[in-house]
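Peer 1: Got a sequence here, can you build the structure:
(one chain, ligands or ions: 2)
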Amino acid sequence: MTQELLMSSTETRGKPGVRRYAMVIDVRRCIGCMACQVACKAEYDVPLGVFRTWVPYRVTGKYPTVKKQFLPRLCNHCDDPPCVRACPVGATYKLEDGGFVLQHYDRCIGCKACMASCPYNARFMLPEHRTYTDITKVVDKCTFCYHRVIQGLVPACVQTCVGRSRIFGDLNDPNSEVSQLVAKHATQVLRPEQGTKPHVFYIGADRNLTDYGRAVYKRDEQADIERAVFNRNKHI
Ligand code: SF4
Ligand code: SF4
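Peer 2: Numbers count the residues shown, from 1 in each chain. Ligands and ions are numbered 1, 2, ... in the order given. Here you go, the predicted model:
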């Protein structure tokens, strides 16, 4: 899995001989426990106030028949990713085998062009301080847990999902669970009109409710909450 694609229009879905990883998220099974979000934070030492994956929700209906609709979000590892085209220094690239959209931290100049071009707000700037690494002030995002997948593991969020809402696998393999789920169910992707060909497929998502994302968080408020929880538990 080494060949980088700088031309993002090269599609990897349905291409013989290469893997094309995808995630299926069955929102009917998501209970909003945020275990995926916590596992991701732990896996990557994600700093306070920013997220590689996040689980926004909307409350629908009228009291007393209200319900929360959760919509787990992450980078869609698009087959035609505008973030790759936008990057002026080749720091963002796509791997042909696997279809991962990844980031060379050492090349990134922090210009945020990729952030501006991503229709899903899937990228963020790493703040100054991290606990375990000195990578800082570069753009980051979900990697589909590339380092785990090449070892035969599933992404941390998939591993930890208590409701098996998140399923991961090779869409180019007709026998994989993701292929079978996509074949069997009506699926939705976010903002199909953008032509990015996302590889995160939702089952049971309400199209009228899918167009929301980081804006549901007030970043400062979120960071305050995380800080309070961290301080409360730091001596455990
Ligand atoms: S979701 Fe955004 S960051 Fe991820 S591949 Fe697509 S355009 Fe790039
Ligand atoms: S912020 Fe980094 S990865 Fe994004 S476009 Fe600029 S150089 Fe490329």
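Peer 1: Could you check the pLDDT of the most centrally placed residue in the chain?
Peer 2: Per Cα atoms, centre = their mean, the C-alpha nearest to the average position across the chain is that of residue 74, at 1.9 Å. pLDDT recorded at residue 74 is 96.
Peer 1: could you measure it against ligand 2, distance?
Peer 2: Shown here: residue 74 relative to ligand 2, a distance of 17 Å by Cβ to the nearest ligand atom, to the nearest Å. Heads up, the C-betas are built off the backbone N, CA and C, glycines and all.
Peer 1: Equivalent analysis for residue 78, please.
Peer 2: In terms of Cβ to the nearest ligand atom, residue 78 sits 15 Å off from ligand 2.
Peer 1: Equivalent analysis for residue 19, please.
Peer 2: Distance from residue 19 to ligand 2, by Cβ to the nearest ligand atom: 24 Å.
Peer 1: give the contact list for that residue.
Peer 2: Residue 19 makes contacts with 97-99, 170, 172-173, as judged by Cβ atoms under 8 Å, 6 or more residues apart in numbering.
Peer 1: If we use 7 Å, what do you get?
Peer 2: 97-98, 170, 172 (Cβ atoms under 7 Å, 6 or more residues apart in numbering).
Peer 1: and these as JSON lines, adding pLDDT?
Peer 2: Output for those, formatted as JSON lines (pLDDT from 0 to 100):
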{"residue": "97", "pLDDT": "91"}
{"residue": "98", "pLDDT": "95"}
{"residue": "170", "pLDDT": "97"}
{"residue": "172", "pLDDT": "95"}
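Peer 1: looking at it, residue 137 is touching residue 126, isn't it?
Peer 2: Yes. Residue 137 is within contact range of residue 126, at 6.3 Å (criterion: Cβ atoms under 7 Å).
Peer 1: of those two, who's got more company?
Peer 2: Taking other Cβ atoms under 10 Å, residue 137 and residue 126 do not tie; residue 126 has more neighbours (19 against 12).
Peer 1: Show residues contacting the longest helix seen in the chain.
Peer 2: Longest helix in the chain, counting residues (DSSP state H): helix 219-233. The contact list for helix 219-233 (Cβ under 7 Å, 6+ apart) reads 48-49.
Peer 1: Least confident secondary structure element in the chain?
Peer 2: strand 4-5 (a mean of 53; mean pLDDT, DSSP states H and E).
Peer 1: After that strand, which helix or strand is next?
Peer 2: Moving toward the C-terminus from strand 4-5, the next helix or strand (DSSP states H and E) is strand 21-26.
Peer 1: could you pull out the strands for the protein?
Peer 2: Under the criterion DSSP state E, the chain contains strands at 4-5, 21-26, 57-62, 65-70, 92-95, 101-103, 124-125, 139-140, 166-170, 187-188, 200-203.
Peer 1: what helices or strands is the last one leaning on?
Peer 2: For strand 200-203, the helices and strands in contact under the criterion 3 or more Cβ pairs under 7 Å, 6 or more residues apart in numbering; DSSP states H and E are strand 21-26, strand 187-188.
Peer 1: Switch these over to JSON lines; also include mean pLDDT, distance to residue 226 and mean neighbour count.
Peer 2: Shown next, in JSON lines, are the helices and strands packed on strand 200-203 (pLDDT from 0 to 100; distance: least, Cβ to Cβ, whole Å; neighbours: other Cβ atoms under 10 Å):
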{"stretch": "strand 21-26", "mean pLDDT": "98", "distance to residue 226": "23", "mean neighbour count": "25"}
{"stretch": "strand 187-188", "mean pLDDT": "94", "distance to residue 226": "30", "mean neighbour count": "18"}
